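J.: Got a predicted structure plus its sequence, pasted below:
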Amino acid sequence: MKPTSGDTDRRVVNGLLLTASILLAYSIVVTVWAVLQERRVSGREAALLAEAELQEQLLASQPSDLALVPHLIDDVAFVLNPHMKTSTFRAHEGESYPVNALGLRGTEIGAKEPGVTRVALVGDSVVFGWLLREEDKLGSVLTRLAAEGSAGEAAIEFVTVALPGWNVRSQHAFLESHLRLLDPDLVIWWSLRNDIEDAPGVVPPGIHALWASPHGDDASPFGMLPHLFSEQGTFMPILEDRRRENIELIASFRAEHDIPVMVIDLPGFDVYRQQGAFDPPWIRIPPKYRQDERWTLSDSDLHPSPWAIRILAVG
């Protein structure tokens, strides 16, 4: 029997109804799944936000002198706790200083303004301003001197990229990881003899721990080694290797980014410079200043005094 047009229409209708039923069931399943997923994601998001808020509260409530936190990048080692906003870690007695979002001492560092020349002061405890008032640290003194001598010329801005316990490896890694924001036109890089040491790690609630050094993966941690060598040289090849590596890190930074670098008191640099491998402007502190009794904070603390920082800034 030949199917009629009515039979064909019914089959078409039944097919459409079946398809619609399948699509409706699929839509219901997908909608239920989406609702459950949204609830799951919202719940997880709320839990993460609660954990982050709790972590921020815990970090913010740390004692202001226990201000160190590990950095995500091992080579950097550590920074100041940016949740604190102010800290007394290695500050002048009875005073505090601001902590910015990068975990450095100082006010917030934003994008460089047009017409501004930005100078990055890179180093360790000396550049940081060990036990000095905020107005006595190197960056502050240089800022005042630049303002006094500007005579309406383009502004010069100094940013401090330094922490006690950092070595050249830490400084280089931090510059590389934050270079776009820092955006320096010139880097003044300070390095001392103890920059061959490993940077210490951090243990709760925020203190240095040499045994936890993140730099000890390629060699056992080296700490407190300056007494092993004299001004003339060392008797341990690994120490000379580390001094050479420090110089090469600074040289590679300048070469890769084409940013002028000035170095201050860089150990071993005189020999390296004679070899013609790296020859930026180099400042050595004259002995008459280093040997002046006003140079250090005290007989037991050899960090530079405000008087010495002023000498450095003018020089």
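T.: It's in. Numbering: from 1, shown residues only.
J.: can you tell me how far residue 162 sits from residue 291?
T.: With distances taken as C-beta to C-beta, to the nearest Å, residue 162 is found 25 Å from residue 291. Every residue, glycine included, has its C-beta placed from N, CA and C.
J.: Looking at the two, which one has more neighbours?
T.: residue 162 (27 against 8; other C-beta atoms under 10 Å).
J.: wait, what's in contact with the more buried one?
T.: Counting by C-beta atoms under 8 Å, 6 or more residues apart in numbering, residue 162 touches 104-105, 121-128, 171, 190.
J.: for these, which one is nearest residue 158?
T.: residue 121 (5.8 Å; C-beta to C-beta).
J.: what residues are up against that closest one?
T.: With C-beta under 8 Å, 6+ apart, residue 121 has these contacts: 127, 138-139, 142, 158-162, 188, 190.
J.: okay, those in TSV with distance to residue 313, secondary structure and pLDDT next?
T.: Shown next, in TSV, are those (distance: C-beta to C-beta, whole Å; DSSP: H, G, I helix; E, B strand; the rest coil; pLDDT from 0 to 100):
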residue	distance to residue 313	secondary structure	pLDDT
127	11	helix	97
138	6	helix	96
139	9	helix	96
142	5	helix	95
158	10	strand	97
159	15	strand	97
160	13	strand	98
161	17	strand	98
162	15	strand	98
188	11	strand	97
190	12	strand	94
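J.: Quick one: the residues you listed as JSON lines, columns for distance to residue 88 too.
T.: Listed next are those as JSON lines, based on distance: C-beta to C-beta, whole Å:
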{"residue": "127", "distance to residue 88": "19"}
{"residue": "138", "distance to residue 88": "19"}
{"residue": "139", "distance to residue 88": "19"}
{"residue": "142", "distance to residue 88": "24"}
{"residue": "158", "distance to residue 88": "23"}
{"residue": "159", "distance to residue 88": "22"}
{"residue": "160", "distance to residue 88": "17"}
{"residue": "161", "distance to residue 88": "21"}
{"residue": "162", "distance to residue 88": "17"}
{"residue": "188", "distance to residue 88": "26"}
{"residue": "190", "distance to residue 88": "23"}
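J.: Give the ChimeraX command for selecting the buried subset of those residues.
T.: Of the contacts of residue 121, the buried ones go into a single ChimeraX selection, burial set by 16 or more other C-beta atoms under 10 Å:
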select :127,138,139,142,158,159,160,161,162,188,190
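J.: Closest one of the contacts of residue 121 to residue 275?
T.: Minimum distance to residue 275 across these is 22.1 Å, recorded for residue 190 (C-beta to C-beta).
J.: For beta bridges, what are the partners of the closest one?
T.: Residue 190 forms beta bridges with residue 264, as assigned by DSSP bridges.
J.: which outside residues touch stretch 246-255?
T.: Stretch 246-255 has contacts (C-beta under 8 Å, 6+ apart) with 167-169, 172, 175-176, 187, 189, 191, 195-196, 259-261, 263, 266-269, 272, 277-278, 280.
J.: how about 10 Å then?
T.: The contact list for stretch 246-255 (C-beta atoms under 10 Å, 6 or more residues apart in numbering) reads 122, 167-169, 171-173, 175-176, 179, 187, 189, 191, 195-196, 259-261, 263, 266-269, 271-273, 277-280.
J.: Make a ChimeraX selection of the buried ones in the residues you listed.
T.: To isolate the buried members of the contacts of stretch 246-255 in ChimeraX, using 16+ other C-beta under 10 Å:
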select :122,167,168,169,171,172,173,175,176,187,189,191,195,196,259,261,263,266,267,268,269,272,273,278,280
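J.: No further queries at this time; thank you.
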